[in-house]
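[1] Only the shape, not the letters, is given here:
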């Protein structure tokens, strides 16, 4: 049954008094990619954006998606790049206490934090490649 005209007017009045629209500008290709992502999640773009806004304002930073986000100031000159590589994001998800440990260790070795992190990633991946599959687990020490 279709809503009555009075119901429509009441709904529009409530929206006008209680709701607002947030917006942002993105390139057309990015908007298309975002809409495709939302479709893949089975949600509308409005629902995905609304959920993110609510997550940002309802939870303390340490409990948001990604658990921890620590901004790392990595200068492009610190990262050894070949022609095909780029530095794409200044923020990575690392618990703050681990980031502080990495900074202290890198400083003690007199190497840039980015170099230490790259080395740590490379060494961990090499160790994991050489480890028996049964002994590999996730970062919390649980078996997968």
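    Received it, and whenever you're ready, just let me know what you need. Fair warning: this is a prediction, and the values are worked out from it, not measured in the lab. Residues are numbered from 1 along each chain as shown.

[2] and stretch 8-24, what's its mean pLDDT?
    The pLDDT scores in stretch 8-24 average 91.

[3] which parts of the helix or strand hosting residue 40 are buried?
    When elements are assigned from DSSP states H and E, residue 40 belongs to helix 28-41. For helix 28-41, a neighbour-count test (16 or more other Cβ atoms under 10 Å) marks residue 38 as buried. All C-beta spots, glycine's among them, are computed from the backbone N, C-alpha and C.

[4] Surely residue 116 and residue 102 touch.
    Yes. Between residue 116 and residue 102 a contact is recorded at 5.9 Å, counting by Cβ atoms under 8 Å.

[5] Ramachandran coordinates for residue 3?
    Dihedral pair for residue 3: phi -70, psi 150, per degrees, to the nearest 10.

[6] make that residue 2, sorry
    Per degrees, to the nearest 10, the backbone of residue 2 is at phi -70, psi 150.

[7] Show the model's pLDDT score for it.
    For residue 2, pLDDT reads 78.

[8] Which stretches in the protein count as helices?
    With DSSP state H as the criterion, the chain has helices at 5-18, 28-41, 45-58, 96-108, 113-130.

[9] Can you tell me what sits against the second one?
    Going back to what we said before, that points to helix 28-41. 26, 44, 45, 47, 48 (Cβ atoms under 8 Å, 6 or more residues apart in numbering).
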